[in-house]
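Asker: pasting the structure only:
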């Protein structure tokens, strides 16, 4: 049975996909700054840890799904030196900022960004040596469809690395985390990004996401093997791994 996340950013008509695109277009100018502030800079450490898990594979051709402003794509080049990195995202405004970032770093010949749908990847079967996603699978309208697309375009033996928020279970950290995400974070988002619903959605989408073993089970059922999850920062975030 397909896993569909019905939590949407805005309480209006329209698909989750359309609303997610609109939301990220709205907050694009503030996205990088808010990530640093709201995570106290820990998000950079999480990204580094995720890419470290690809070092032994040394993938030459990597796809970064839901690339946003290309932070993870840049980290892939920094740590691994992959010859070709493609970043794909549904938000055109996020990609504008990502392209400027890549230009400033002189990586235009290595990292290419393109607009596209994560649940209908515009690539042939068995194209990429590795696929990464940072804080993106939670936004898929149909989670299984998006993951199945990644499996399709991944080469046999290739690895997928997914970085995503999860829900802490340790008392009292669980209660502190929920209060921060539910009340404090949307308030800061309202002051800075002018779109408080984007950060209300962040809390709601994390609560609805099938994290931990549930997500690993989905990967297994789709045909990935050697799957596992790694908890980070007392369960705030998790890294999920799978191979084709």
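Answerer: On my side now, so go ahead. No experiment lies behind these values; they were computed from the predicted model shown.
Asker: need the helix or strand of this structure with the lowest average pLDDT.
Answerer: helix 185-193 (a mean of 69; mean pLDDT, DSSP states H and E).
Asker: skip ahead from it and say which helix or strand is next.
Answerer: Where DSSP states H and E defines the elements, the next helix or strand beyond helix 185-193 is helix 196-208.
Asker: after that next one, which helix or strand is next?
Answerer: Next along the chain after helix 196-208, with elements defined by DSSP H and E, is helix 213-222.
Asker: now do the helix or strand following that next one, average pLDDT.
Answerer: Sequence-wise, the next helix or strand downstream of helix 213-222 (DSSP H and E) is strand 225-232. On average, the pLDDT along strand 225-232 is 97.
Asker: for strand 225-232, packing partners?
Answerer: With contacts taken as 3 or more CB pairs under 8 Å, 6 or more residues apart in numbering; DSSP states H and E, strand 225-232 sits against helix 213-222, strand 237-243. The way it works is simple: take the backbone N, C-alpha and C, and place the C-beta from them, glycine included.
Asker: strands of the chain, start to end?
Answerer: Applying DSSP state E to the chain gives strands spanning 61-65, 84-89, 111-115, 128-134, 154-165, 225-232, 237-243.
Asker: what strands line up against the fifth one, and which way round?
Answerer: Meaning strand 154-165. Its sheet considered, strand 154-165 pairs with strand 128-134 (parallel), strand 237-243 (antiparallel) by DSSP bridges.
Asker: avg pLDDT for that strand?
Answerer: 97.
Asker: give the residue spans of this protein that score low on pLDDT.
Answerer: Within the chain, the segments meeting pLDDT under 70 span 1-6, 9-13, 37-38, 189-190, 192-194, 196.
Asker: tell me which of the strands paired with strand 154-165 sits nearest to residue 110.
Answerer: strand 128-134 (14.4 Å; CB to CB).
Asker: ok now stretch 60-73, how far from the chain's centre?
Answerer: 9 Å (CA atoms, centre = their mean, to the nearest Å).
Asker: what residues sit buried inside it?
Answerer: Going by neighbour count (16 or more other CB atoms under 10 Å), the buried part of stretch 60-73 is 62-73.
Asker: just to revisit the earlier point, what's the closest of the strands of the chain to residue 31?
Answerer: strand 84-89 (11.2 Å).
Asker: what angle do the closest one and strand 61-65 make?
Answerer: 10 degrees (axes from the mean of the first three to the mean of the last three CA atoms, to 10 degrees).
Asker: list the helices and strands strand 84-89 packs on?
Answerer: Contact here means 3+ CB pairs under 8 Å, 6+ apart; on that basis strand 84-89 packs against strand 61-65, helix 71-80, helix 92-104, strand 111-115.
Asker: go through the ones you listed and pick out the most buried.
Answerer: strand 61-65 (a mean of 25; mean count of other CB atoms under 10 Å).
Asker: what strands flank that strand, and is each parallel or antiparallel?
Answerer: In the sheet, strand 61-65 lines up with strand 84-89 (parallel), strand 128-134 (parallel) (DSSP bridges).
Asker: what lies in contact with it?
Answerer: Identification of contacts with strand 61-65 by CB atoms under 8 Å, 6 or more residues apart in numbering yields 54, 70, 72-73, 76, 80, 82-88, 118, 121, 123, 127-134, 136, 146, 150, 153.
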